[in-house]
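> quick one, fold the following:
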Amino acid sequence: MSLSPGPSGPLGGTSIQEQRDRWERKRSRTARELVQTEQRYCQQLELVTTYFVGILKAKGTLKQDIRESIFSSIKAIHSVNQSLLVHLENGYFGRGFDQMYPHLQLYNTYVDNIYNANRVLGIQLKKNKPFRRFKKLQEARPEFHNHKLEDLLQLPIQRIHQYKHLLQDLTANTSSDNPEFPQLSRAVDAVNEVFQRIQNNTRCHENHLQLCRVQKLLKGKKTKVLAEGRWYIREGWLTVVPPKGADATPRMFFLFSDMLLQAKLQLTNRDKFEGQHAYPLQSCSVEKVFGHTRSQGGLLSLTFPKAKLLLMSCNQEDLNDWFQSLSSAIRHLQGRQTLVNQRDGELCRKPLHSAVVCHNTPNTSRKRNMGSSETSEHAQEPPVELEGSTAKRMKPTNTPKHSSAEASSSSCVIL
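Predicted coordinates:
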């Protein structure tokens, strides 16, 4: 840590020494908190490994694959953190995290499996009566202090959050000439990578839930919402203005990262929608026809290769949000396509002798599973944050008045 030179003389020296003393006090306080929380963390992990993992393996209440799906790498994590705790209690913070660094892959494995673990645990609690009884008996032990297994399984995720802040504080208050400084800096970077992985997985999971929710709102299987790489952005009611003077009709629109889905309420079931049109955003352009001022609402014009759409809203704020969300989604999608085209062009310009042909390599490509299970959602790469793309949804009950002459047999048309 670099020290700015203070004024010459006794006053300058005193000022620098006071700053060093403050850093040392903060460092000691953070170090003490790190040790205390690590002790409590290891004790709680031991409850899981002793009273659940070990006993369940001995009793055979759960099959091995189910047991591994629920507890994943938690036993190995407990072993690694016990070794870390010994170093921390002896004051070797840099050495302790430096030796833990290669084992952070165990946390990556655990982080990637946590949503599947919750799902499998829920299934076993519903269908496996002996396990349900066993879990209740173990949680009643005084050592658990009323903690549930579901809470304890979240501990490694929560600990990474704590490491992130505690290590940053510890490193910030460690002098750069301290031998532990480079070790702590490496630990901060490594923990930040795991933390970012947690954030990405959380976004993927929440997006998967949103896609499933919208899919359930749509009647039938003609309109496929679940798709690899698709991200939910927002939804809401907008009025479709016809080009030839017919009556304007309110419709529900669902905006995703690659398409805009138009739907209408079913006549027989007012809680369900029928997909009418799926507009791809790849070659779309959007502009405001009205609504540039602080007037009441406005009109958006969307142009597609084979269609043009005029959408109206009486809410100025809602109209602006739709415009920003659409513009950002289109810009991001088209920018990504431009990058792909540039890469393809570079590959085409490479000399022929540089190409490597393997005739015996199996074809690893497969068709996209439109109804992919939850376990595959973590393979999706979270997109760059879109401007004004905060996920918004509206309940189907907030429905504008519809004309009763609408037919209920329309299917979704991709334009």
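
> give me the helices and strands touching the longest helix seen in the chain, please.
For the chain, the longest helix by residue count, based on DSSP state H, is helix 10-48. Judged by 3 or more Cβ pairs under 8 Å, 6 or more residues apart in numbering; DSSP states H and E, the packing partners of helix 10-48 are helix 74-89, helix 149-152, helix 155-172. Every residue, glycine included, has its C-beta placed from N, CA and C.

> and the average pLDDT for it is what?
The predicted model gives helix 10-48 an average pLDDT of 89.

> whichever helix or strand comes after it: which residues count as buried?
Proceeding N to C from helix 10-48, the next assigned helix or strand is helix 55-59, under DSSP states H and E. Buried positions in helix 55-59, judged by neighbour count with 16 or more other Cβ atoms under 10 Å: residue 56.

> same for helix 55-59, what does it pack against?
With contacts defined as 3+ Cβ pairs under 8 Å, 6+ apart, the packing partners of helix 55-59 are helix 64-71, helix 129-139.

> redo the helices and strands packed on helix 10-48 as JSON lines? Include mean neighbour count and distance to residue 60.
Supplementary listing: those in JSON lines, determined by neighbours: other Cβ atoms under 10 Å; distance: least, Cβ to Cβ, whole Å:
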{"stretch": "helix 74-89", "mean neighbour count": "18", "distance to residue 60": "17"}
{"stretch": "helix 149-152", "mean neighbour count": "16", "distance to residue 60": "18"}
{"stretch": "helix 155-172", "mean neighbour count": "18", "distance to residue 60": "26"}
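
> any residues touching stretch 128-146, and which ones?
For stretch 128-146, contacts defined as Cβ atoms under 8 Å, 6 or more residues apart in numbering pick out 47, 51-52, 55-56, 59, 61-62, 124-125, 147-149.

> can you show me the strands along the chain?
Using DSSP state E, the strands of the chain run over residues 232-240, 249-256, 259-265, 273-280, 285-290, 298-304, 307-313, 413-414.

> now the helices for the stretch 251-400 of the chain?
316-349 (DSSP state H, counting those that start in this stretch).

> point out where it drops to low pLDDT.
291-295, 337-400 (pLDDT under 70).

> ok so, going back, chain center to the longest helix of the chain, what's the gap?
The gap between the average C-alpha position of helix 10-48 and the chain average comes to 32 Å, counting by Cα atoms, centre = their mean, to the nearest Å.

> so how far is residue 124 from the residue lying closest to residue 67 once chain neighbours are set aside?
Computed as Cβ to Cβ, 6 or more residues apart in numbering, the closest residue to residue 67 that is not its neighbour in sequence is residue 56, at 5.8 Å. Counting by Cβ to Cβ, to the nearest Å, the gap from residue 56 to residue 124 is 11 Å.

> what of residue 50?
Residue 50 is 20 Å from residue 124, by Cβ to Cβ.

> now residue 212: how far from residue 205?
Residue 212 is 11 Å from residue 205, where distance means Cβ to Cβ.

> tell me the centre residue of this structure?
Within the chain, the residue whose C-alpha comes closest to the C-alpha centroid is residue 203; the distance, by Cα atoms, centre = their mean, is 1.6 Å.

> quote the end-to-end distance of stretch 231-247.
The first residue of stretch 231-247 is 32 Å away from its last residue (Cα to Cα, to the nearest Å).

> starting at the chain centroid, how far to it?
Put simply, stretch 231-247 sits 29 Å off its chain's centre (Cα atoms, centre = their mean).

> list the buried residues in that stretch.
Neighbour counts using 16+ other Cβ under 10 Å place 231-241 of stretch 231-247 among the buried residues.
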